Structure formats: C-alpha cells, structure tokens
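J.: Next comes the sequence, and after it the predicted model I'd like to discuss.
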Amino acid sequence: MERFEGQTAIVTGAASGIGAAIAASLAREGARVVAVDYDTSVKAAAAEYDGVPVVGDVTDPELGTELLATLARHGLGLDHLVGAAGIQVRAAGIDIEDADWQRLLNVNLSGFYRLLRTLVPPLEQGSHGSPGSVVAVTSMSGDRAVPGIVPYGSVKAALAHLIRGLAVELGPRGIRLNGIAPGYVSTPMTAPILEDPATLQRIMARLPLQHIAEPEEMTGPALFLLSREARYVTGQILAVDGGYALT
Ligand SMILES: NC(=O)c1ccc[n+]([C@@H]2O[C@H](COP(=O)([O-])OP(=O)(O)OC[C@H]3O[C@@H](n4cnc5c(N)ncnc54)[C@H](O)[C@@H]3O)[C@@H](O)[C@H]2O)c1
C-alpha cells in the first residue's frame, strides 16, 4: 500500500517548481491532490496525475471557502496542506516599494495563514478520522541575512514562526505543522539569479553538496514530514539546502 493511499492533499503553487514536484510525488504515492495555483497551467499539471485543479489566488479571502466546496463536490476529506505558492521580490531591504512589501506579505504569509485557518476543521477530522498534517515551504533566507532579498527573508522568517506557534496551538487537536527551508532550487523563481555566472559561482563556492537542487529533491523531505513516519515531529523547519546555511 502506498504511503498516502486514500488520502487527500491540497497543494498551493502546484503549477510550477517545488509545489508542482511535491504535488506530483504525493499523487505518485497514492494521494488525491487538489492542485491550486493562479496560473492556469495548473490544469495541465494536475491532469498528469488525475488531480483536481483549482485556479485561484492565495490572496483571495474566498479561496478557502472555494476549496471546502471543491472537497465537498468531490466527496473528499482533507489530510494534508502544502503551502508552496510564493513570490520573490529582489530589492535591498530599505529600497523595496511599499506595494512590493505588501505583495510579499500577502502571498507568502497571509495567503498561507488564511487558507490554513479555513482548512483547520477538515484537517482536524482527516478523511479517515485521524487528523492531518501541514508543510509550508519557507526558505534558508528566513534564517540568515541574504542581501538583496531581506524583505523576502523576513516574511519567510515570519512564516517559520507561524509554523512553530501554530504547531503548539494545534498539537492538542492532532494537527502537525512543519516546514522545509530550501536553499537554491532550479525553478522559474531563481532562474534570473542562477543565470548570472558570477552569482552562480559565488553560490557554488559555498555549497557543500556542490549542485543547485532540482525541485524533485524537495519532495522526499516534504513527504516525510507529511507522512505518518513523522507522526512525532511538529513545529520543525527542515533545511533542505545542500548544507548552504552551514557555511
Ligand atoms: N527556488 C528556490 O530556490 C526557493 C528557495 C527557497 C524557498 N522557495 C520557496 O518555494 C516556493 C515555491 O517556489 P518555486 O521556486 O517553486 O517558484 P515557482 O515560481 O516555480 O513556483 C511558485 C508557484 O506559486 C504560484 N503562485 C505565486 N503567487 C501565487 C498566488 N498569489 N496564488 C496562487 N499561486 C501563486 C506561481 O504561479 C507558481 O506556480 C515559494 O514559496 C518560494 O518562496 C524557493
């Protein structure tokens, strides 16, 4: 029997990069995946694994309610939430435009928080009577100062704190929350950085495992934290960064 057989997972940011890889691997391991993204290409992505695509924006306050209706329409409960939808704005900490600062907060923090809040009741119930688990994609930059993305890192630090705090509050209700903190992963988000040879060389010089990760390298740690194997793990942010944060 597959690890996630008979379970349902909502994955945000499922059209691309890390979210798409996690969604596909959950489906490979037996889960029914509700794949959420504001990019309509999520429909084609979800079709690959018989998922349920939802084109929606995590900053839309109605998205949670829409997802509850989607679950009900398909006769599904909820076992897992993966928050991978995110944006990055590159700007020095004191130079960022107000609108960009707000966008970072809205998508990367409030979007996840609002969705989670709405989905707590079905997560607590689970589809087979046992409560579910949550993984948010934070970032190495939430833990260390990375010039050029300090506002982004600050919001990711807040997201990591939200995970720790809610793990304490929701633990007694059986819901576990954890995060993965990627370092550098080859996705459309990082393409502009990694395409610059000087930047790439600077990163590689400090990267113990000596390669930029592929999105698939995020899936094992994320699925472990979601799975029953991690049933005594909550409130943890697991660095999945090739050792970068150590240097
Ligand atoms: N790539 C990296 O090196 C890296 C490192 C650390 C953390 N992360 C985090 O990983 C997550 C995934 O990023 P990625 O690298 O796969 O980037 P990506 O751009 O490939 O994927 C992000 C996805 O989120 C979706 N999205 C963005 N805003 C949305 C919104 N408001 N509503 C719904 N969907 C939205 C996008 O359409 C896209 O499909 C992000 O939270 C990012 O901050 C990435």
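T.: Received, thanks. Numbers count the residues shown, from 1 in each chain.

J.: Mind jotting down where the helices sit in the chain?
T.: Remark: helices assigned in the chain by DSSP state H are 17-28, 42-47, 63-73, 98-104, 111-125, 150-170, 191-194, 197-205, 219-226.

J.: Name the residue closest to the centre of the protein, please.
T.: A84 (2.5 Å; C-alpha atoms, centre = their mean).

J.: Does that residue touch L26 like I think?
T.: No - counting by C-beta atoms under 8 Å, L26 is not a contact partner of A84; they are 11.4 Å apart. (C-beta placed from N, C-alpha, C; glycine too.)

J.: overlap in contacts of the two?
T.: Common contacts of A84 and L26 (C-beta atoms under 8 Å, 6 or more residues apart in numbering): V11.

J.: Pull up the residues of the chain that are close to the ligand.
T.: Contact residues (C-beta under 6 Å from any ligand atom) of the chain with the ligand: 12-13, 15-19, 37-39, 57-59, 84-88, 107, 111, 137, 139, 182, 184-185, 187-190.

J.: now do 5 Å
T.: Proximity of the chain to the ligand is confined to 13, 15-18, 37-39, 57-59, 84-86, 107, 137, 139, 182, 184-185, 187-190 under the rule C-beta under 5 Å from any ligand atom.

J.: Go ahead and build a ChimeraX selection from the buried members of those residues.
T.: Selection of buried members from these for ChimeraX, criterion 16 or more other C-beta atoms under 10 Å:
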select :13,15,16,17,18,37,38,57,58,59,84,85,86,107,137,139,182,184,185,187,189,190
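
J.: related to what we said a few turns ago, let's have the helices of the chain in CSV, adding distance to A213 and mean pLDDT.
T.: Formatted as CSV, those follow (distance: least, C-beta to C-beta, whole Å; pLDDT from 0 to 100):
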stretch, distance to A213, mean pLDDT
helix 17-28, 9, 98
helix 42-47, 20, 98
helix 63-73, 29, 98
helix 98-104, 22, 97
helix 111-125, 22, 98
helix 150-170, 17, 98
helix 191-194, 11, 94
helix 197-205, 11, 96
helix 219-226, 11, 98
